[in-house]
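J.: Predicted model, plus sequence, below.
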Amino acid sequence: QVRLVESGGGLVQAGGSLRLSCAASGRTFSGNAMGWFRQAPGKEREFVAAISWSADYIYYADFADFVKGRFTISRDNAKNTVYLQMNRLKPEDTAGYYCAARLGSRNVYDARSYDYWGQGTQVTVSS
């Protein structure tokens with residue numbers, strides 16, 4: 001059974017940092033792109049970041065000041081794990097954060113392109 005399990009979420013004050021992890025089991029995703037999405041209550045799930053299997057290509061949400069310079073995605077294929085380092089967190093970053101694995105080559109920014117999803121980890125940033 002394929003599973004993606006996120007961890008590392010929690011409550012943090014604005015300006016703080018969290019490091020999310022997503023551990024895969026049941027199969028290896030070392031040859032696949034992995035992504036992070038987030039969803040706040042009442043809002044649609046939105047793309048945060050993605051990384052190719054080799055880490056040669058990294059993608060971040062194309063929103064001004066959204067994640068630029070604050071979030072960093074990385075992966076360790078030996079551990080079948082992808083990470084999201086989040087610095088200088090803001091209250092608007094509060095959301096459930098989900099990792100996902102893409103088997104094909106469809107649009108990396110589109111949640112519909114991903115085949116496996118974790119259950120999510122909650123990030124709450126207080127002001």
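T.: Here it is on my side, so go on.

J.: all contacts plus neighbour counts: C-alpha atoms, from now on.
T.: OK.

J.: okay, and the helix or strand of the chain with the least pLDDT?
T.: Lowest by mean pLDDT, DSSP states H and E among the helices and strands of the chain is strand 58-60, with a mean of 90.

J.: elements contacting that one?
T.: Other elements packing on strand 58-60 under the criterion 3 or more C-alpha pairs under 8 Å, 6 or more residues apart in numbering; DSSP states H and E are strand 46-51.

J.: contacts for the strand it packs on?
T.: Here strand 46-51 makes contact (C-alpha atoms under 8 Å, 6 or more residues apart in numbering) with 33-39, 57-61, 67, 73-75, 108-111.

J.: Quick check: neighbours of the least confident helix or strand of the chain in the sheet, parallel or antiparallel?
T.: Strand pairing for strand 58-60, determined by DSSP bridges: strand 46-51 (antiparallel).

J.: List the buried residues in the strand it pairs with.
T.: Across strand 46-51, burial judged by 16 or more other C-alpha atoms under 10 Å covers 46-51.

J.: hang on, the earlier thing: now which of the contacts of strand 46-51 would you call buried?
T.: For the contacts of strand 46-51, a burial check counting by 16+ other C-alpha under 10 Å picks out 33-39, 58-61, 67, 73-75, 108-109, 111.

J.: Just those residues: which are in strands?
T.: 33-39, 58-60, 73-75 (DSSP state E).
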